[in-house]
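Student: Got a predicted model here, sequence first, then my questions.
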Amino acid sequence: AQSVSQHNHHVILSEAASLELGCNYSYGGTVNLFWYVQYPGQHLQLLLKYFSGDPLVKGIKGFEAEFIKSKFSFNLRKPSVQWSDTAEYFCAPSARGGADGLTFGKGTHLIIQP
Amino acid sequence: ETGVTQSPTHLIKTRGQQVTLRCSSQSGHNTVSWYQQALGQGPQFIFQYYREEENGRGNFPPRFSGLQFPNYSSELNVNALELDDSALYLCASSTQRGLSYNEQFFGPGTRLTVL
């Protein structure tokens, strides 16, 4: 069974600050890695994904994440946050090719103060 | 392109009752997954349907069951409702197309309250 840990449950930043949200997963096989975002009142949306290749992946709205295989980590970053980035962020690994669905972390509630 | 839709939006039931939630997958998608999201938690995988058969299941009891229809829409049925079943139920659709298999697109959810 796989598990995922998101280290920061509540983060409050000012606009233009840099952001890094930690995500570590536990799984012995090959995984696909995802970050999903849930803006207030909206449904879950895919922020970015990693399947293979370049471990630094870029997503929508200026977000990026780096896959470090040796550390089982997939941290989310953004150099300069905006008020509109206020949302809930979920890291979600999934076994490659399996039918076990996504394993979501508990989420990080990010609040950006103007 | 139509996204994932779910009905109803909200539902209130009493303990012991049965409930059916519905999901229409995104156009071109043939796989549907269901998740339960309790307040303040991340979604938890319930099960997945592909070609009208359940082909993956999370740690949920048998009173959680589902169906997938030829048009790829799906139902989630929960029998003998318990108070802890109160949650947001999310449907997600995807395609089994190489490495994009696990990329899932989520609907807005059905908020179930069990009294």
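Tutor: Done, it's in.
Student: and the residue most central in space within chain A, what is it in contact with?
Tutor: Nearest to the mean C-alpha position of chain A, counting by CA atoms, centre = their mean, stands A:W35 at 3.4 Å. Applying CB atoms under 8 Å, 6 or more residues apart in numbering or on different chains, we find A:W35 in contact with A:23, A:46-49, A:59, A:63, A:65, A:74, A:76, A:89-92. Just so you know, the C-beta spots here come from the backbone N, C-alpha and C atoms, and that holds for glycine as well.
Student: So which of the residues you listed wins on neighbours?
Tutor: For the contacts of A:W35, counting by other CB atoms under 10 Å in any protein chain shown, the largest number of neighbours falls to A:C91: 31 neighbours.
Student: near chain B, which of the contacts of A:W35 show up?
Tutor: A:46, A:49, A:90, A:92 (CB under 8 Å from any CB of the partner chain).
Student: how about the residues you listed, which pair is most distant?
Tutor: Spatially, the most separated pair among these is A:K49 and A:F90, at 12.7 Å (CB to CB).
Student: so how far is chain A from B:N59?
Tutor: 9 Å (CB to the nearest CB, to the nearest Å).
Student: Worst mean pLDDT across the helices and strands of chain B, which element?
Tutor: Every helix and strand of chain B was ranked by mean pLDDT, DSSP states H and E. The lowest is strand B:53-57, at a mean of 89.
Student: List the contacts of the helix or strand hosting B:L88.
Tutor: B:L88 belongs to strand B:87-94 when assigned by DSSP states H and E. Strand B:87-94 has contacts (CB under 8 Å, 6+ apart) with A:43-44, A:102, B:4, B:6, B:21, B:23, B:25-26, B:29, B:31-39, B:43, B:72, B:74, B:76, B:100-107, B:109-112.
Student: Just give the number of residues close to residue 112.
Tutor: No chain was given, so I picked chain A. 19.
Student: ah, I was thinking of chain B
Tutor: Using other CB under 10 Å, B:L112 has 21 neighbouring residues.
Student: Could you do A:S80 as well?
Tutor: 11.
Student: for B:L115, same thing?
Tutor: 10.
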